[in-house]
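Participant: Quick one, what's the 3D model for this:
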Amino acid sequence: MLRRLLRTALVLGLVCAVVVGLLWAFQRRLIYLPSGGPVPAAADVLPGGRDVELRTADGLRLGGWFLPGPGPDAPAVLFAAGNGGNREHRALLARALAAEGLAVLLFDYRGYGGNPGSPSADGLALDVRAAREWLVTEAGVPQERLVYLGESLGCAVVTELALEHPPAGLVLRSPFVDLAAVGGEHYPFLPVRLLLRDRYPVAEQVARVEVPTTVLLGTADTIVPPEQSRRVAAAAGRLHALVEVPGAGHNDVVLLDGPELVGAVTDLAR
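Facilitator: Residues are numbered from 1 along each chain as shown. This is a model prediction of the structure:
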């Protein structure tokens, strides 16, 4: 009987070790969910838009779309997307922001939208820096007229950027406290915090951001629990507004390009 119990425990231990090993090796395939490319030309999706190429510090060339504002002094929005899809899925948001008189840069991370490379936290940090550099040097947008807009995972990307290059304002749509916190919500039976390679400590970093910050959430979000977004708002070093959209889920249209999101951005841009 004892031998049988020991054998069973050994088998279970081996199974657990294999599962944990696989999760360690393939975790980024669970975190990053890119849609492949190529994507259409900007002019086919965004009237007045143009294709741009971003060059990262580690030598990658990434695709993006730039939609100019109505004049050279128009504020510009640097948009960092969530973990799924590509820039084509954010075209309606760009149109809505442009209708409010804002310039918009949409870009895809490495591995997304036909771009080379594989996504990681370090890689995405380089990608968003390349996007900001393009706006400042190529488009001629002064740093003080830039607004960073992050969506879900993109909140972590632009929050880190804001520490190094403070914008005029920061908008975080559905931010999580950190990646381990949201991962623990979906995989409570796993030691997520011990396994994760990419951390994305949004709440910790936003506490050190010294620009006006707006947090927007959907109260029915089942991907990033609303309470996590509220904790990010509470941690913000300079909270401008907390906007809650009643009954909205993580991928509902109202949170993708609805009036509450567009209004939050234009409020800070102006």
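
Participant: Phi and psi next, for the closest residue to residue 92 other than its chain neighbours.
Facilitator: Using Cβ to Cβ, 6 or more residues apart in numbering and skipping residues adjacent in sequence, the residue nearest residue 92 is residue 257, 4.5 Å away. C-beta here means a position set from N, CA and C on the backbone, and glycine is covered the same way. Per-residue torsions, residue 257: phi -150, psi 30 (degrees, to the nearest 10).

Participant: same check, this time on residue 129
Facilitator: phi -70, psi -40.

Participant: so what pLDDT did it get?
Facilitator: pLDDT, residue 129: 98.

Participant: about what we covered before: number of residues surrounding the residue nearest to residue 92?
Facilitator: Counted with other Cβ atoms under 10 Å, the neighbours of residue 257 add up to 16.

Participant: Pull up the gap between it and residue 149, please.
Facilitator: The gap separating residue 257 from residue 149 is 11 Å, by Cβ to Cβ, to the nearest Å.

Participant: Next: residue 139.
Facilitator: From residue 139 to residue 149 the distance is 16 Å (Cβ to Cβ).

Participant: what's near enough to touch the residue nearest to residue 92?
Facilitator: Applying Cβ atoms under 8 Å, 6 or more residues apart in numbering, one finds that residue 257 lies in contact with 90, 92-93, 95-96.

Participant: and of those residues, the nearest to residue 196?
Facilitator: residue 90 (26.2 Å; Cβ to Cβ).

Participant: mind checking which helix or strand residue 224 is in?
Facilitator: Take DSSP states H and E as the rule and residue 224 turns out to sit in neither a helix nor a strand.

Participant: I should have written residue 54 there, sorry.
Facilitator: strand 50-55.

Participant: any idea which helix or strand comes after that strand?
Facilitator: Immediately after strand 50-55, counting by DSSP H and E, sits strand 61-67.

Participant: Whichever helix or strand comes after that following strand to strand 61-67, inter-axis angle?
Facilitator: Counting by DSSP H and E, the next helix or strand C-terminal to strand 61-67 is strand 76-80. Counting by axes from the mean of the first three to the mean of the last three Cα atoms, to 10 degrees, strand 76-80 lies at 140 degrees to strand 61-67.

Participant: for strand 76-80, the distance to its chain's centre please.
Facilitator: 11 Å (Cα atoms, centre = their mean, to the nearest Å).

Participant: Now do the helix or strand following it: everything it contacts.
Facilitator: Per DSSP H and E, strand 76-80 leads on to strand 84-85 as the next helix or strand towards the C-terminus. For strand 84-85, contacts defined as Cβ under 8 Å, 6+ apart pick out 33-35, 112.
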